[in-house]
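Visitor: Sequence plus the predicted model coming up.
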Amino acid sequence: MKMETEVLRNPGQVHSEVARWREDFPVLRETVHGKPLVYLDNAATTHKPVSVIEAEAAFYRHTNSNVHRGVHTLSQRATDQYEEAREKVRRFINAANTKEIIFVRGTTEAINLVAQSFGRPRLTAEDNIIVSAMEHHSNIVPWQMVCGQTGAELRVAPVNEAGEVDVEMLGRLIGPKTKLVAITHLSNALGSITPVKRIIKMAHAQQVPVLLDGAQAIAHLGVDVKALDCDFYAFSGHKIYAPTGIGVLYGKEAWLDAMPPYQGGGDMISSVTFGETHYNDLPYKFEAGTPNIAGAIGLGHALDYVSSLGIGAIAAHEHDLLEYATGLANGIKGLKIIGTAREKASILSFTLEGVHPHDIGTILDHDGIAIRAGHHCAMPIMQRFGLAGTARASFSLYNTRAEVDALMAGIARVQEMFQR
Ligand code: PLP
């Protein structure tokens, strides 16, 4: 993939650029409890660069109108900007055409759309759907719901001690009655990268389509849906420096064409009478109601921003931070890293002996350090490791080694407090 060659860029060269990248994010100048903010909760949501903040504001200042409806100039401008954002998404993930790009609220809505629109009409009590043991609840509950509606079975591919999906076992779960494999591209709880290309090949060999939950991967890995050959790809804008409330479902045109609409309303129709309704073409068939126009425009600007830095340069920097943090964490007595997959990105999940993750999070917050503590909306994988939760530091393009040092110093203070 394009990104893999870019990642080989000299990480030292990338470091010197990070100070400049940080300038683009106004919130990083905030202080928390009188300390400079050290924001290590990027897997939950990322901060927004000025270009995204200004693009949203500019839409409301200069353009604000509804899309696809008005003959007046502002409405046409809004439509043009909204559709331009769709084209930016298409380019960013290398989809074949913009009919395959559906704007939704986020990953959660994208997966629910596929569950109800692809899954529900196809599934019977004989069929099954496969997920892995390390899914976010957003890639579990929609499938449980559609299984409840149809009687289909939800099969779960196991995850090993390192936090890697057991691909052999997953292969054995795929059978003639499997209707879909739905799997995370990058685990938000452990940081494991799933060998999705291998899984897709395996599933396609049995004519089973694959949905990838790209909520985390989109900002860190460089996604090429054509190279992956996935059937569906779901992601949220807010995890890649865009506003909340906007996300994308990519689907191969042939699948989307064959699927009924998810919701009914304005924009998704071509004609309506009380006798019958004809649905609009792709992608509008799946975009009922007034969309998040400013959000979509903001997303387009966020993708421009990431492309301008280069996803490869970003990934190389984040990889360096993760390696550095992992090395330091491994030297801390009583700290256990949860998730030691060979292929990882941007997430360090850990426990500290004798300290509840929430206490770690609260004490670090007093030092201005924001991490996540808890089950990370992935309770089944926590149960797999016999844990109620972990503390999680997650890195992004604007984090630095100095911030990793601050985290480690904070952890040392937590340990001191609990040893007293
Ligand atoms: N899937 C994964 C792997 C996630 O990390 C998240 C959010 O943390 C989601 C799905 C849900 O994303 P959203 O809440 O933006 O819909």
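Guide: Structure's in. What do you need?

Visitor: what residues does this protein put near the ligand?
Guide: Residues of the chain lying close to the ligand by C-beta under 6 Å from any ligand atom are 106-108, 136, 138-139, 184, 188, 213, 215-216, 236, 377. C-beta coordinates here come from the backbone N, C-alpha and C atoms, glycine included.

Visitor: The residue at the greatest distance from the centre of the chain and the ligand: what is the separation?
Guide: The C-alpha centroid of the chain is most remote from G275, which lies 41.0 Å away (C-alpha atoms, centre = their mean). Separation of G275 from the ligand (C-beta to the nearest ligand atom, to the nearest Å) stands at 37 Å.

Visitor: got a list of what that residue touches?
Guide: If a contact means C-beta atoms under 8 Å, 6 or more residues apart in numbering, then G275 has no contacts.

Visitor: Read off the pLDDT value for the residue lying closest to A302 once chain neighbours are set aside.
Guide: The spatially closest residue to A302, leaving aside those adjacent along the chain, is A242, at 3.7 Å (C-beta to C-beta, 6 or more residues apart in numbering). pLDDT for A242: 98.

Visitor: For A242, give me its contacts.
Guide: 48, 52, 295, 298-299, 301-303.

Visitor: can you give me phi and psi for the residue farthest from the centre of the chain?
Guide: Backbone torsions for G275, taken as degrees, to the nearest 10, come to phi -80, psi -50.

Visitor: Output the contacting helices and strands for whichever strand or helix holds L113.
Guide: Following DSSP states H and E, the helix or strand that holds L113 is helix 107-113. Applying 3 or more C-beta pairs under 8 Å, 6 or more residues apart in numbering; DSSP states H and E, we find helix 107-113 packed against strand 101-104, helix 141-150, strand 210-213, strand 232-236, strand 247-251.

Visitor: how about a cut-off of 7 Å?
Guide: strand 232-236, strand 247-251 (3 or more C-beta pairs under 7 Å, 6 or more residues apart in numbering; DSSP states H and E).

Visitor: Let's have these in TSV, adding mean pLDDT and distance to F286.
Guide: Converted to TSV, the helices and strands packed on helix 107-113 look like this (pLDDT from 0 to 100; distance: least, C-beta to C-beta, whole Å):
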stretch	mean pLDDT	distance to F286
strand 232-236	98	12
strand 247-251	98	7
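
Visitor: Let's have these in TSV, adding mean neighbour count and distance to R90.
Guide: Listed next are the helices and strands packed on helix 107-113 as TSV, based on neighbours: other C-beta atoms under 10 Å; distance: least, C-beta to C-beta, whole Å:
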stretch	mean neighbour count	distance to R90
strand 232-236	28	12
strand 247-251	29	9
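
Visitor: CSV please, covering those strands and showing distance to Y279.
Guide: Below are the helices and strands packed on helix 107-113 laid out as CSV (distance: least, C-beta to C-beta, whole Å):
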stretch, distance to Y279
strand 232-236, 19
strand 247-251, 15
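
Visitor: So which of these is nearest N399?
Guide: Nearest to N399, of all those, is strand 232-236, at 19.7 Å by C-beta to C-beta.

Visitor: Just want the angle from the closest one to strand 247-251.
Guide: Computed with axes from the mean of the first three to the mean of the last three C-alpha atoms, to 10 degrees, the direction of strand 232-236 lies at 170 degrees from that of strand 247-251.

Visitor: just to revisit the earlier point, I'd like the distance from the helix holding L113 to the chain centre, please.
Guide: Averaged C-alpha coordinates place helix 107-113 at 12 Å from its chain's average position (C-alpha atoms, centre = their mean, to the nearest Å).

Visitor: just the CA coordinates of that helix, formatted as PDB?
Guide: The C-alpha trace of helix 107-113 is given here as PDB (Å, rounded to 0.1, in the frame of the first residue of the first chain):
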ATOM      1  CA  THR A 107     -19.300   4.500  12.800                       C
ATOM      2  CA  THR A 108     -22.200   3.400  15.000                       C
ATOM      3  CA  GLU A 109     -24.800   4.600  12.600                       C
ATOM      4  CA  ALA A 110     -22.900   3.100   9.600                       C
ATOM      5  CA  ILE A 111     -22.800  -0.400  11.200                       C
ATOM      6  CA  ASN A 112     -26.500  -0.100  12.300                       C
ATOM      7  CA  LEU A 113     -27.300   0.800   8.700                       C
END
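
Visitor: Now do it, average pLDDT.
Guide: Here helix 107-113 scores 98 as its mean pLDDT.

Visitor: Now the element after it, going C-ward?
Guide: Counting by DSSP H and E, what follows helix 107-113 is helix 120-122.

Visitor: Reformat the contacts of A242 as JSON lines; add neighbour count and secondary structure.
Guide: Shown next, in JSON lines, are the contacts of A242 (neighbours: other C-beta atoms under 10 Å; DSSP: H, G, I helix; E, B strand; the rest coil):
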{"residue": "K48", "neighbour count": "25", "secondary structure": "coil"}
{"residue": "V52", "neighbour count": "27", "secondary structure": "helix"}
{"residue": "G295", "neighbour count": "25", "secondary structure": "helix"}
{"residue": "G298", "neighbour count": "30", "secondary structure": "helix"}
{"residue": "L299", "neighbour count": "31", "secondary structure": "helix"}
{"residue": "H301", "neighbour count": "24", "secondary structure": "helix"}
{"residue": "A302", "neighbour count": "28", "secondary structure": "helix"}
{"residue": "L303", "neighbour count": "23", "secondary structure": "helix"}
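
Visitor: Most widely separated two among the residues of the chain next to the ligand?
Guide: Most distant of the residues of the chain next to the ligand, by C-beta to C-beta, are G106 and T184, 14.7 Å apart.

Visitor: more neighbours, these two?
Guide: T184 (30 against 23; other C-beta atoms under 10 Å).

Visitor: Just to check, that one is in contact with N139?
Guide: Yes. Counting by C-beta atoms under 7 Å, T184 does reach N139; the two are 6.2 Å apart.

Visitor: Find the residues that touch each one of the two.
Guide: Here T184 and N139 share the contacting residues D213, scored by C-beta atoms under 7 Å, 6 or more residues apart in numbering.

Visitor: Closest one of the contacts of A242 to L387?
Guide: Checking these one by one against L387 (C-beta to C-beta), the nearest turns out to be K48, at 32.1 Å.

Visitor: Look up the pLDDT of the closest one for me, please.
Guide: With respect to pLDDT, K48 has a value of 98.

Visitor: what are the ranges of the helices in the stretch 251-400 of the chain?
Guide: 253-258, 293-309, 311-330, 357-366, 379-384 (DSSP state H, counting those that start in this stretch).

Visitor: hey, which of the ones you listed is tucked in deepest?
Guide: helix 293-309 (a mean of 23; mean count of other C-beta atoms under 10 Å).
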